[in-house]
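*Asks:* Quick one, what's the 3D model for this:
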Amino acid sequence: MLAPPERRELKRRARKRSLAVELVKRAEVILMLAAGHSYREVRQRLDCSDEYIREWKKRFQEERLAGLDSRYRGSQRRTRTAETEARILEVTRQGPTDGTTHWSSYRLAKELGLSQSSVSRVWRHFGIQPHRLRGYMASDDPEFEEKAADIIGLYLKPPVNAAVFCVDEKSAIQALDRLDPVLPLSPGRAERHGFEYFRHGTLSLYAALDTRTGDVMGKTAARHTSAEFVDFLGQIVASQPEGREIHIVADNLSAHKTKNVFEFLQTNPTVRIHYTPTYSSWLNQVEIWFSKIQRDLIARGIFTSITDLSRKLIRYIRQYNKTATPFRWRFKNAAHRIKPVTQRGSDSLH
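*Replies:* Residues are numbered from 1 along each chain as shown. Purely as a prediction, here's the structure:
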């Protein structure tokens, strides 16, 4: 005998498509028995045994709808102790002893006699990612803070009526020509380049980024020498009104500190070069622009000759200058000071 609410609930379960098949089958057994069907009819229609029918009929009579729910004991809830977590973290930091460079969760679990999921949960909880590697650059320049403050000051508050240029060269740009045709991208398929290529030679690109406007002045050269650098500085001076103060931000490449460079500075007293600290090329804003041209043109470009490479580099610069905007540097957190490495092996770079 079924009460109206029970009948409605059983019919709802029997019709519900998202319910587990076993729960639907139990509801159908009770509905068929309540409708007067025999065990043989229920067995033939639902493909079950008499024992199955008797079991769920008894459970329903004793507990009604609640009796149709499963009663799995389940596994005992696993808990991680602080000792286990500490052990996993300690062995992870020590590294493997089998000659490999880092642990995988499976190998560490086998080493410690734990489950792989336990190791993964601890790593995830503490943000440990042994498979990842990040590089950093630390300066050993004793005058790091003074030089960095000088250059950042040029970006944030340049001298009145003065021009500030970030200058550097991107050397050894390869003029690569693909031997096989390039297959263009299509829905569900990325652009594909053939494995073989022919190298026509290399080229160096000199670039000067105007920090006020974002415009870039460029020049290509077969080599990056001191003479080419001085010639490029001359082009920068020629592009500015006579007598304007010009500040150049450059790195410590040997070609930037030769006798020819110092003679040029003596004959052009309005030009001053600000050298970045050692191993701190990231302070030079033109490096940001170099990464952009690398992504936009050089990495996937196809160049049939050195001349073709030079032409495409200069064309890119002309197009870039049509919509150029300056890079805006923001110092978000004054507590994150940048300090030089004072002792070998110490990491003072924040």
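*Asks:* Assumed residue 200 was part of a strand.
*Replies:* Yes. The assignment for residue 200 is a strand, going by DSSP: H, G, I helix; E, B strand; the rest coil.
*Asks:* could you say what helices and strands the longest helix along the chain packs with?
*Replies:* Longest helix in the chain by number of residues (criterion: DSSP state H): helix 306-322. Counting contacts by 3 or more CB pairs under 8 Å, 6 or more residues apart in numbering; DSSP states H and E, helix 306-322 is packed against strand 163-178, strand 197-210, strand 216-221, helix 286-293. Just so you know, the C-beta spots here come from the backbone N, C-alpha and C atoms, and that holds for glycine as well.
*Asks:* Run the angle between it and strand 216-221 for me.
*Replies:* Orientation check (axes from the mean of the first three to the mean of the last three CA atoms, to 10 degrees): helix 306-322 against strand 216-221 gives 170 degrees.
*Asks:* For helix 306-322, which outside residues touch it?
*Replies:* Here helix 306-322 makes contact (CB atoms under 8 Å, 6 or more residues apart in numbering) with 173, 175, 200-201, 203, 205, 207, 215-218, 220, 222, 293, 296-297, 301, 303.
*Asks:* hmm, try it at 10 Å
*Replies:* Helix 306-322 is contacted by residues 170, 173-177, 200-203, 205, 207, 210, 213-222, 289, 292-293, 296-298, 301-303, 305, 324 when judged by CB atoms under 10 Å, 6 or more residues apart in numbering.
*Asks:* Buried subset of those residues as a ChimeraX selection?
*Replies:* A single ChimeraX command selects the buried members of the contacts of helix 306-322 (16 or more other CB atoms under 10 Å):
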select :170,173,175,176,177,200,203,205,207,210,214,215,216,217,218,219,220,221,289,293,297,298,301,303
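*Asks:* Please give the number of neighbouring residues around residue 114.
*Replies:* Burial of residue 114 is recorded as 17 neighbouring residues (other CB atoms under 10 Å).
*Asks:* Kindly report the same for residue 121.
*Replies:* Residue 121 is flanked by 16 other residues according to other CB under 10 Å.
*Asks:* pretty sure residue 144 contacts residue 277?
*Replies:* Yes. Residue 144 lies in contact with residue 277 (CB atoms under 10 Å); the separation is 4.4 Å.
*Asks:* Report pLDDT for residue 344.
*Replies:* pLDDT for residue 344: 42.
*Asks:* distance between stretch 122-133 and the chain's centre?
*Replies:* Centroid separation for stretch 122-133 versus its chain: 16 Å, with CA atoms, centre = their mean, to the nearest Å.
*Asks:* How about residues contacting that stretch?
*Replies:* With contact meaning CB under 10 Å, 6+ apart, stretch 122-133 is reached by 80, 84-89, 92-93, 95-96, 101-105, 108, 114, 119-120.
*Asks:* Buried residues, that stretch. List them.
*Replies:* Quick answer for stretch 122-133 (16+ other CB under 10 Å): 122-123, 128, 130.
*Asks:* buried set for the helix or strand hosting residue 262?
*Replies:* Element membership of residue 262 [criterion: DSSP states H and E] is helix 259-267. Going by neighbour count (16+ other CB under 10 Å), the buried part of helix 259-267 is 260-261, 264-265.
*Asks:* Alpha carbons of stretch 29-44, as PDB, please.
*Replies:* Provided in PDB are the C-alpha atoms of stretch 29-44 (Å, rounded to 0.1, in the frame of the first residue of the first chain):
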ATOM      1  CA  VAL A  29      10.000  -2.600  -8.300                       C
ATOM      2  CA  ILE A  30       7.800  -1.000  -5.600                       C
ATOM      3  CA  LEU A  31       5.400   0.600  -8.100                       C
ATOM      4  CA  MET A  32       4.800  -2.700  -9.900                       C
ATOM      5  CA  LEU A  33       4.300  -4.600  -6.600                       C
ATOM      6  CA  ALA A  34       1.800  -1.900  -5.400                       C
ATOM      7  CA  ALA A  35       0.000  -2.200  -8.700                       C
ATOM      8  CA  GLY A  36      -0.500  -6.000  -8.100                       C
ATOM      9  CA  HIS A  37       2.100  -7.500 -10.400                       C
ATOM     10  CA  SER A  38       3.500 -10.800  -9.500                       C
ATOM     11  CA  TYR A  39       7.200 -11.500  -8.800                       C
ATOM     12  CA  ARG A  40       7.400 -13.300 -12.200                       C
ATOM     13  CA  GLU A  41       6.100 -10.200 -14.000                       C
ATOM     14  CA  VAL A  42       8.500  -7.900 -12.100                       C
ATOM     15  CA  ARG A  43      11.400 -10.300 -12.700                       C
ATOM     16  CA  GLN A  44      10.800 -10.500 -16.500                       C
END
